[in-house]
Structure formats: structure tokens, C-alpha cells
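Colleague: here is my input, please return the structure:
(4 chains)
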Protein chains: 4
Amino acid sequence: MSSKLKVGILGATGAVGQRFISLLDNHPWFEVEVLAASERSSGKKYADAANWILKGDIPEYARDLKVVGAEPKDCGKVDLVFSALPSAIAAETERKFLDAGYFISSNSASFRMHSDVPLVIPEVNPEHLKLLETQKWKGRIVTNPNCSAIQLVIALKPLQDKFGLEKVSVTTMQALSGAGYPGVPSLAIISNVIPYIENEEEKIETEPLKILGKLDGNKVKDETFAISASCNRVAVQDGHFESVSVKLKKPATVHEIEKCLSEFRGAPQELKLPTAPEKPIIVRKEKDRPQPSKDLADMAIVVGRVREDKVLGFKFNVLGHNTIRGAAGAAVLNAELLKAKGYL
Amino acid sequence: MSSKLKVGILGATGAVGQRFISLLDNHPWFEVEVLAASERSSGKKYADAANWILKGDIPEYARDLKVVGAEPKDCGKVDLVFSALPSAIAAETERKFLDAGYFISSNSASFRMHSDVPLVIPEVNPEHLKLLETQKWKGRIVTNPNCSAIQLVIALKPLQDKFGLEKVSVTTMQALSGAGYPGVPSLAIISNVIPYIENEEEKIETEPLKILGKLDGNKVKDETFAISASCNRVAVQDGHFESVSVKLKKPATVHEIEKCLSEFRGAPQELKLPTAPEKPIIVRKEKDRPQPSKDLADMAIVVGRVREDKVLGFKFNVLGHNTIRGAAGAAVLNAELLKAKGYL
Amino acid sequence: MSSKLKVGILGATGAVGQRFISLLDNHPWFEVEVLAASERSSGKKYADAANWILKGDIPEYARDLKVVGAEPKDCGKVDLVFSALPSAIAAETERKFLDAGYFISSNSASFRMHSDVPLVIPEVNPEHLKLLETQKWKGRIVTNPNCSAIQLVIALKPLQDKFGLEKVSVTTMQALSGAGYPGVPSLAIISNVIPYIENEEEKIETEPLKILGKLDGNKVKDETFAISASCNRVAVQDGHFESVSVKLKKPATVHEIEKCLSEFRGAPQELKLPTAPEKPIIVRKEKDRPQPSKDLADMAIVVGRVREDKVLGFKFNVLGHNTIRGAAGAAVLNAELLKAKGYL
Amino acid sequence: MSSKLKVGILGATGAVGQRFISLLDNHPWFEVEVLAASERSSGKKYADAANWILKGDIPEYARDLKVVGAEPKDCGKVDLVFSALPSAIAAETERKFLDAGYFISSNSASFRMHSDVPLVIPEVNPEHLKLLETQKWKGRIVTNPNCSAIQLVIALKPLQDKFGLEKVSVTTMQALSGAGYPGVPSLAIISNVIPYIENEEEKIETEPLKILGKLDGNKVKDETFAISASCNRVAVQDGHFESVSVKLKKPATVHEIEKCLSEFRGAPQELKLPTAPEKPIIVRKEKDRPQPSKDLADMAIVVGRVREDKVLGFKFNVLGHNTIRGAAGAAVLNAELLKAKGYL
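Modeller: Purely as a prediction, here's the structure:
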């Protein structure tokens, strides 16, 4: 135990906070010592403070931990805090923790697009961690992208490297768990599609350009290809599904694309990070897959139906677990990368 | 009564057949005299033969009608038959009815792409009925498009007329009722998206080009712009939802597009056909509409979220009732057009 | 217009409030002049204040009405207010309106079990209105029962009259709309049953005994038979479904029970109240009905599968529309009864 | 391997057949050598013959096994066959296998109520295996109860032993997977409850009386208390939920009932059978549990909300996994009991 890094979770009672607690159960490198949440929860045992919504029971280690306030003064000395703070308060709270010298691996959007904050998917742009060295706060912060952007970018990265990307158009069908808890009212989604998710299209249209951007000295030079996103909520518990069309710069075949996706590996695989999937991209060749209820993986994304597209050239489907690969798991993998690279 | 045209319904017990029965209840021009179905149902009262799946009870007029076989010899003398035959037998059975001299308004795909068969949406291409004059059978047949294609083409038509179409990309989220009954197993769709519907993408990528084609003498010259379709099934009872992106030939603004869609009218409105919607296209301006569970109309389609698209120029959502505007209602409106134009 | 009674709606922006607005559109006796809601909505046009969740658009008459606070001073002079107030504030607010001299038809639970407050279903116990004469406030209040209790009691009333009731056991499967809006989170109910609804079992086990009680002078003497209720939430939009077993005092047959339910009529039918269903109870004889998605009526309840029960004698299913017959429609029917009986 | 018993699965491609394949993957005592299904599948590799509906992929061992016909001549020499045959053909096919000398552990209903066929839940009535010795066929057959009956009887057994049972009333909310595949059409269940499952109420009202019956020499003397069952289908993927009321013969308290259920153990626990749950009954004390989406276990049932019932005395909820504890897992546990008791 004593050799593990001590970590805290900000926003520990919410939907993403619960995923952090679940993923960090028995983690080989990290030991959760601090669970922080809103004042309402502060002082209670975690089991009393949280309305646990995941399948199965609260991990033993967390049940009796006393929840503290999401303030630096309450969180004591830890090596890293994971932030699952709600967007309304994330910017201000994370800023306080930075000023107090904390190292943050954040799933919140507030700092993602700051020029000196790395927006990292370890398989895609681990070298962006170099931005950490330019940060002026007493603490440091690394962020992971929006849930829909992560799975999209993982699929785009090998295509960019091999064929070059010119245009990307994506229509999403996003899971309910992406909206947190209580999130989407049942009456709003039963037998329905909701064609709007606040700020989501903007994030998908901008975050990938930073992530896929090139590190140039101490700066990231954003990519400039066009992305169009149309976002929809559907009655699926977990698993964002994306219908993606791409225009590539170089000629390609369906087979070459499938091969290039399937063979893709990145830093987490080379470094054997504890949370890394064996293969970041699982390629399925059946005509009707992947499907959220059947094919959802934890940290790997699933690509299927790669085929020609009469408008942009090629199209395919992408499925990813939005609260694991797309949120808590992303931040944990970032933290593992930080440690493997010596930042922690 | 005696002045009404006598009509029959082929495939009367299925999901689309039931919609025909419902829509033709108290129809001012048509009187249903013949309900034809498979041998299994033949000889039974309709109420005993059909597993009625629509809300409410079977219309009185149909309850006690005796179901006959779907053979010309069993159907006697009627002015028109509506075809809701399943695709497996539609081609052969419709051919028999044509050889026997029947006039058919068909919702089936079998004859849609034949060069001498009009594929008609009355608001879009009523002039294509002229193809009827080139048919060589003893009978005549007019067809309506695939459910997803109809609502797409209604939205595209005013854009084509005013701005010209260069490229169209559509991702569909289609309702369960589009698969008929029993159709999609509940276990297959609960908390899921199924990213495949047999032959659907092919239909959406080809049918609109014929419908939007120009009548040139006795032939239709297909349009040639590129369409890409990605089709998905979602857990929605009724109402196909489409996320559409278009590249236009001429410059446009969001406001001009909304205006052009909203002001669109066609033959059914001019001719005041009984089943015609007052406006074929309802344009909504809220940020999160249309939604299947809230905004579904019967014969009008609903367009919303018209906005710019970084890849193709503009994008918007289209919602239509797949078994009314997209199937039975489409064939009834075609029949009304036939009568108004003197073909019946 | 001028001859109609002027009414207000307290809690007009909530789910039940919206049903009131919808049901009172073009009501022949009542004219809505006041829409009252929480301070947050006060001062806005109704269309801006309400997140309209019902199918279709807000009735014209209500769109531009300015919402006022739920305080007597804000509501001016009306002949009656309907209360759709949330339970947390209903008791206090209704009390203020009573002190200020208002006549209230309330759907809230706060005053239902007061000994001088009539808890009325017009088909069942119209004579209980006599309790109004014993009320000590400056105003008057009549209440309708809990949604699940209403449909149960309508089914029980004819059985009590003809056979006598000894024991009643009911297991409910209740619709999402019964929890209001936002109500049940979608993540909580997808592919799930929630076996608990706060205070619901208590209401079902007590309210029917008051409603079915005998008026004795100026008091109601509660019935005393045993009722057991087990309440569950299921993924149904509208329509509470109940599995009911009864022990009767006198011998009966399935046929006699069906006949007795089907022939039941009450005051609303005799008085031809505007909102009264033609028959309060629709009896279905199919083996698998009624079903919420197929058989839901507005103001009539639907009973099916009447059959023998090895434990209590007989069992059957009851379906009712929880926000119409079970809430707003119930209060409107009560108000109609008040007027027909001369209380208004 | 060689020391494992060789087993076959009849009806291997269906929903329950798939569960058998999944549960027998790496089973310590049984080795699947034969997968039998209808003629249509015969001769194909299992992966080609089956439409795999379970989450995850087909276990490796089964993928390439060649499917054979469900006839004794095709199945060769195995120590036991599990029967997941559809009810339409189970009786005749199982009879053939009995005549051919096979030992069958059947999940089908056909032989359950035969007086010389044990209907066994290993925790409840392992001694009923003695009936095997009275069977006149060349082979032998043991059966497990209907899915809804199993979980009910496991909960009833400790109550019968400690307090005696006088009356039992149960209303079920059953999962979609209980209807097999394709099973319930999605259009039939979306936003709905279906209050009828063919033959289900009869099974629940009779099977428990045999299972709880006393072995008297070579015969089972059925229990005689009254059971009433009302069965409903709800939109839940896996997990039958039951609302149960009981009248006990002796006085009890809620606490005593919870304790008696929680402490219950049976032969599988004593014999440490591989598939046995540690505790057959998990008792939950939260006010709103168990819930299918949160609390479903594989082989244990979950009981919650034990409380007083004004009509029968006590009531509680029971949740069980209908295709594991209620079907394939039940038959596997029976087979393990057979081996442990020396019958295999």
C-alpha cells in the first residue's frame, strides 16, 4: 500500500465520480485516500452520501471513507486528484486546486482548450504532456477530451497517420449515462430521440483538432481539417455510437483502413499501463455491428461497417464506453501515463 | 357510397396493411371492399385473421370483412388495389395483378426502379405519372418510395428547386414500426442501436435520384448528385429521424433555407387532396426539435435545427411518420392524385 | 365566454398543471384566467415559463397568459382554483387560499384525509360533497384521490354495491408520468422495475376506505375491509396498470362480475358532465388485455382478465390514465360535479 | 479433460441453449461434446448456425463444433444431455432420447409433472431424485421448474420449513429473455406491460406444490396450499421480478423472516457444487430493492422489502435471473447434484 501514489477524487458522488471509484478499486499504482464532493455530502460516509447507480455494490474501500468538501484545505496531501466536477463549478474549483499546488487529471471541460494545458489521449498524443512544463500555476493539470471526441479521435489517429484527413463528418447516438445522474428524465427519452446535447457539437468539432495537432517546441499547432458533428441522445444505457464519414488525402481501400485501425497501438500498449486495453481499436466485420448492448468494451473502442461513402469516400461506425474510455478511464489512463513518464 | 371508388388492400393483415385500413376509414373517395392476405388468413373475418397492433380498435367497416387470398381470382372487380405485400412475394404477386388488369398503388419496392413505373411523391414529382402511359401490362402500377427516402426527398425538393443539390449525406435513426410486425425482437433493441437495415441504404441512395429526375418525353432522366446513407434502428415506436447534411450549388443562408422549406407546397395542396397535409413541411426553430415522441405529424414532415455544417455547408434534422407519410399514407395520396388527374 | 366560470390553475407549469391546461382547452363551463406557479416562473409568459412535455403544442389560450405567483394576492378573483401543487408546498399554499376564501378542487394529497374534506370520485361518492358544508375555512376544498387509488376504487365500487368487499390485494405497475417531470431518471428505469414509490402504498391502503365510506349525517364513516398494496414503477409513459385480487362477501361468477362492472354508471353519466366518459368502466375479454400502449382511455378505466383466484376468489387487471382520470381529469370532473350540484 | 463427463445440449442454438454453452465454458465436471439443434442448423459450425444473442462472443470451445440433429442417432455416446428444446417438440424428442437410454437434465416442461419424474431445485428437494429409481424408460430424466416458479420456491422453502405456508399470492413482472428469441416483438412491449404469458400462471400455481411435496416411499405427495399467480411481461432484459404475499401458519416477524431467508442453505452449498451460489438467498433491506438492473445475481435469488401485508400477513419482492437460475443454470445445478449423489 505505502508504495502506491495517494489520490483523491473531486466530485466523487456523481456518475463519473462513481466510475472513478469503481476503476480505482485495487488499482496497482493508485490508492484513493480522499473523496471530495459538495457541501451537502461533506462529513458523511461515502455510502451514505452517494446514490450509487452502478451495477453491483460500492467497492469496500470507499464505503466508509468520510466525504470531504471539494476545497484544497479539506483534501490534504495527495499525489494527484482526479476531477469529475460538474461543469458549473469545475473551472473555479480546479483553479483553486492549481493555486494550492495540486496535480490534477481532469475529465472536466474547463481547461481543455487552454493553450498550455495538454488535452491527451495516451494512444494519440502522449507527447503533448510537454505542455505541462509551460504551466504557470503552482500545480499542474492534464485533461482528457469529451467522451464523444475521445472515441472519434482514437479511430481517426491511425487514419491521419497513414492516409491524412481532409474532412470528417459524424452523427452521434449518445448514451444516457453521458448526461450524468439524474440526467435525462425518463419521460423525455422513452420511445424518443433527442437531437441536441448542449455544447457537444462544438466540443467534437474543436477538441480533435488540438489533440491531433503537432507539438512544435512548447506549443501545440492545431490541425485544421473540417469536422462536422450532429449529436443525438438515444435510449441506451452505456455506449456512445457514432456514424462517421471521412475524406482522406491519399487513396485507400476498405481493407487497408480495417488493417490500419486494427493494428494501431500507442504509448499505453508499449508502456503496458495498467488500464490500457490490449488493442485500442477492435475492428468488427459483421454487417450489423458494433452494437452498444452487445459489443461495448471498457477501454477499447469498437469500429465496424467500414465501407465506401459516396459523398466523402469512406464511412464506418464507432462505439465506445462513454463513462469508462470516455471519462473516468480516460483520466486514469492519463494519470498512469503521467507516472510512467515521470511526471508524478 | 355508391359513388366512391372500390378499392382492395393486398397484405391487409400486416403492419402496413393495418395502416391502410385505418387511413381508409371514412375516406371520402375510396371504399374498401376487398381485404386480401396470405392463405393462412383467407376465409376468416378480418378481426379474427389480423393481430391488430395499432392503438385503438379495428375500424368497424373492416371487422367482419372476409379476408380473401392475394390472387386476382379472389379479389373481384375493384378500381384499385393498394399493395402492402411483404417484399418476398410482392414482385410475383403484383405482376399477377398487373397481368390481370388491376390498377395498383404499391408501397412495395419491387417495381419502384423500373423505368416505366412512376415512383411518386405527389408534392415532388406528380408529372412522373406520365410513365403510366408507357406501361405494357394489362394493368397499371404506381409506386411510392421507401419510408426513409420519402421524408428525405420532401425536404430536398424545395432545396433542389431553389439552390440546386450537389451532395447529400444522411444518417437515419429509424423507428421499430418500419420493420413491420413482429419485426425487431425486443431483446435485440432494448438499450441498443442496431446499425444496419437490410437494403435500406441502397434505397435511400438511389430512389431520390429517380424521384427528383426530370421527365423527358416519356422517360425520367435520373438526377446524378451523390447521396450517402447510414441507417440505424433505434428504440422508437413510430417516426423515422434523419440527420441530414447537404451541399448546395448556390449560396444560401439558414434563414433562406427555413423559409424555402416552410413555404413549399405541391400538387396535393393545390388539388386539395383529402389526405394532403396543409403544409408538407413544418419547420421548427427550437434548438432540440423535432423529436419523435413529441412532434410526429401524420402526413407532414418536420424539419428542425437548420444550421451551418463545416463539411458540406448546411445540416438539419428531418422527422416523418414512417408508416403514414412513409408507407400507407403515401400510397393513398398517390391514389388520390391518380383520381384527381383522371387516371382512375 | 362571459357566462363561463373563471378558474385558475395552481402549479400550472408542472406535469399535472400541463394536463389541466390541456383538458380545459375549450371547456364548455370553465375559462382559465389565472396560471400560477413558483416565483421562478412568475412574470413570464406561460410559453416561456413552462417546459411543455405533452404531445402537441401548448393550447393557444395559454401561450401568452402571464404566469403569476401561487399566492392569493396574485390570483385575483376567480370562481375556482385547481391545485396541481407539488406535495412539498401544497398543504401550506392551499391553506392560504382557503383562508383567502377560494374554492379549491385539489389533486394534492394534503387535505384528502381531513375528516371535513370530501375525497370524491363523482361516479363513486358524489354525496360526500356534503362535507363541504361542515368546512370552517373562509373558502372550500374538494379533493380527488391518488392516481392509483382512483382507478382501483372505480373498479371496486360496483363490486362493493353488488357483492360486498372483504379483502383487496393490489400490485401496481405504474407509469413514469405519475412521478411528474423530471421525475424518474432514465438511467434508473431503463430495463428495470423500481419496487417502491414513496407514500403510494399507504395512500392506496387508506384512501379507498374513506371514498367507499358511508355518509352518516355530516360525517363519513370509513369502510373497514383490508387492502394490501405493492407499488412498482415500470418503463411505461402513461397508464397505471394494476393486478387486483378481491375477496367478495357474496358468491359471484366471472360473468356476473364482468356484467356488473360493464353496466356501472354514476352521477357524471346521469348529469352528463362534460368530461364524463360514456361508460366509467370498459370491460375487455381478450386473454392479454388491457395493455397501456394499446387500450388506454382518457376518463374511462379498462378492466380485463376477470378470472378466478385460488387465494382470494377473483382477480382482474385495471388500467387507467394516471394523469387524466388519475389526476387533472379527476379534479376537473369534481369541479363539474360541484357546478352541476350547485356548489359553484 | 478425459476425466470430465461428456455432455450434449439439445436445442443448442436457442436462447436457453446459448446460456448452457456459456455456463458450461470451463466447467470443472462437464465437457460439452455434442451440440444438437433443428435440421436447419445441422451440419453447420455452431458459430454459423447460431444467432448469438448474449453479451460477448461465443465461447471458443463451441465456435467450431459441428451442430448435429436433435436425434439419438446423431448424438452418439455422452453421459448426459441437457435439454433446452422448445416446448412444441420437447415431449416427443425427449421421449426418443429416453427410449435410447440417455440421461437427461431438462429445462423443458413436458415431463415436469409426471409422477415418476423428479422436479428438482437442489436447495429445496434433492431427495426427490429418488423418483429416478422408479422410471421405466431405458434412460432417465430429471427436470427443473419453470423460471418464475424456481425463484418463488427458493424463497418459500425456508418459510415452509420454519413457519408453514397456508396461502401464496404472486404477481410477476417478467423479463423479455424469458420468452426466448426472437420472443416478444419490440413493438409489443415498448412503453407497455403485457398482462399475459401463456401457461405461466398454471405452472406457478402447480409446480411449487410438487417441489415442496414430501417424498413418501417412492412417491411425492404434493403440498396442498393455495397459490395464485398473475403474470406480466415488462420491458426488462433479464431478471424476473415477483411481488409475493404469503399467509403463514405460525406467527412470525419481519425480522424472523429476513433471518430465516438469509440463513437458508441447501444441498448445493453443503456439497459445494461448482455452480452453487454461496448463499441461495440474498436479503436486501433498502426500501426500494431489489431491482433487475442493479441487483441481479446469477444463481442466487434476491429478496427485498419484507414487510407486513394487511390481507395475507407478509409480503416481499423476489428477483431471480430467469435464464441462469431460472433455466440453464438450474439444469446444470441439477446435473451437478446427480453426479455428487452418484447418479451419473
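
Colleague: just say helix, strand or coil for the nearest residue to A:Ala328 once chain neighbours are set aside.
Modeller: Sequence neighbours aside, A:Arg19 is the residue nearest to A:Ala328 in space, at 3.6 Å (criterion: Cβ to Cβ, 6 or more residues apart in numbering or on different chains). Where C-beta positions appear, they are placed from N, C-alpha and C, glycine not excepted. Under the three-state scheme (DSSP: H, G, I helix; E, B strand; the rest coil), A:Arg19 adopts helix.

Colleague: same deal with A:His128?
Modeller: Per three-state DSSP, A:His128 ends up helix.

Colleague: next one: the one 4 residues further on
Modeller: Using three-state DSSP, the secondary structure recorded for A:Leu132 is helix.

Colleague: now it. Nearest residue, chain neighbours left out?
Modeller: A:Arg140 (5.2 Å).

Colleague: in contact with the one you found, which residues?
Modeller: Going by Cβ atoms under 8 Å, 6 or more residues apart in numbering or on different chains, A:Arg140 touches A:Leu98, A:Phe103, A:Ile104, A:Leu132, A:Tyr343.

Colleague: tell me the most packed of those, by neighbour count.
Modeller: Neighbour counts for the contacts of A:Arg140 (other Cβ atoms under 10 Å in any protein chain shown) peak at A:Ile104, which has 26 neighbours.

Colleague: which non-adjacent residue is nearest A:Gly164?
Modeller: Spatial nearest neighbour of A:Gly164, excluding adjacent residues (Cβ to Cβ, 6+ apart): A:Lys249 at 3.0 Å.

Colleague: correct me if wrong: that neighbour contacts A:Glu166.
Modeller: Yes - between A:Lys249 and A:Glu166 there is a contact under Cβ atoms under 8 Å: 5.3 Å.

Colleague: low-confidence ranges in the stretch 1-150 of chain A?
Modeller: A:1-2 (pLDDT under 70).

Colleague: give me the subset of the contacts of A:Arg140 lying in helices.
Modeller: Among these, DSSP state H puts A:Leu98 in helices.

Colleague: can you redo the contacts of A:Arg140 as TSV with distance to C:Met113?
Modeller: Shown next, in TSV, are the contacts of A:Arg140 (distance: Cβ to Cβ, whole Å):
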residue	distance to C:Met113
A:Leu98	56
A:Phe103	58
A:Ile104	54
A:Leu132	64
A:Tyr343	65
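
Colleague: from the contacts of A:Arg140, which is closest to D:Ala188?
Modeller: The closest of these to D:Ala188 turns out to be A:Ile104 (Cβ to Cβ; 49.9 Å).

Colleague: list the beta-bridge partners for that closest one.
Modeller: On the basis of DSSP bridges, A:Ile104 is bridged to A:Val81, A:Ile141.

Colleague: got a list of what it touches?
Modeller: By Cβ under 8 Å, 6+ apart, the contact list for A:Ile104 reads A:Leu80, A:Val81, A:Phe82, A:Ser83, A:Glu94, A:Phe97, A:Leu98, A:Gly139, A:Arg140, A:Ile141, A:Val142.

Colleague: tell me which of the residues you listed is nearest to chain D?
Modeller: Among those, A:Phe82 lies closest to chain D (Cβ to the nearest Cβ), at 24.3 Å.
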